[in-house]
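> output the structure for:
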Amino acid sequence: MAHVEIPDELAGALGRIAGVERLLVGLDFDGTLAPFNVDLHASRATPRSMAAVRTLAGMPGVRVALVSGRALESLEEVSHTPAGVVLVGSHGLERRMGDGRLLTPPLAPHLLQALDGLG
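The predicted structure is shown next:
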């Protein structure tokens, strides 16, 4: 692998991040961990990306979250994440915590009323 020169400002920021006790690493799935694919069900993270996710998730004090605009169920289907990784789907509306709990905020009453009107 070629040597990469890191600017002093970036090196300083990385040093400060490395010194924290707890760190949340949020990673976008589509287009970052996985190449864009027109067939959302065929999209998969690259082996190298998932190896990095597993390494980060296994580090003490590090919490990893995969974030996506896709529905949480779809993200779960394609991401194959290790235990403890938080999944955030639907642009933050749906969250599966590392312990498996599913968190979805309640909809505002006017939105519920609008949805009822669609039926």
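
> for residue 57, give me its contacts.
Residue 57 is in contact with 64, 81, 82, 83, 84, 85, counting by C-beta atoms under 8 Å, 6 or more residues apart in numbering. Placement of C-beta: from N, CA and C, glycine included.

> nearest spatial neighbour of it, skipping sequence neighbours?
Spatial nearest neighbour of residue 57, excluding adjacent residues (C-beta to C-beta, 6 or more residues apart in numbering): residue 64 at 4.7 Å.

> which SS state does the one you found fall under?
On the three-state scheme (DSSP: H, G, I helix; E, B strand; the rest coil), residue 64 is labelled strand.

> swap in the one 5 residues further on?
Per three-state DSSP, the local secondary structure of residue 69 is coil.

> picking that back up, can you redo the contacts of residue 57 as a markdown table with pLDDT?
Formatted as a markdown table, these follow (pLDDT from 0 to 100):
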| residue | pLDDT |
| --- | --- |
| 64 | 96 |
| 81 | 91 |
| 82 | 89 |
| 83 | 90 |
| 84 | 94 |
| 85 | 97 |
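
> just the ones in strands from these, please.
residue 64 (DSSP state E).

> how close does residue 62 sit to residue 52?
12 Å (C-beta to C-beta, to the nearest Å).

> can you show me the strands along this protein?
23-28, 62-67, 86-89, 94-96, 102-103.

> sorry, back to before: and the two most separated of the contacts of residue 57?
Spanning the widest gap among these are 64 and 83, at 11.0 Å by C-beta to C-beta.

> more crowded one of these two?
The neighbour comparison of residue 64 against residue 83 (other C-beta atoms under 10 Å) goes to residue 64, with 24 against 8.

> what sits against that one?
Residues in contact with residue 64 (C-beta under 8 Å, 6+ apart) are 24, 25, 27, 53, 56, 57, 84, 85, 86.

> nearest residue to the middle of this structure?
In the chain, the centroid-proximal residue (C-alpha atoms, centre = their mean) is residue 66; its distance is 0.9 Å.
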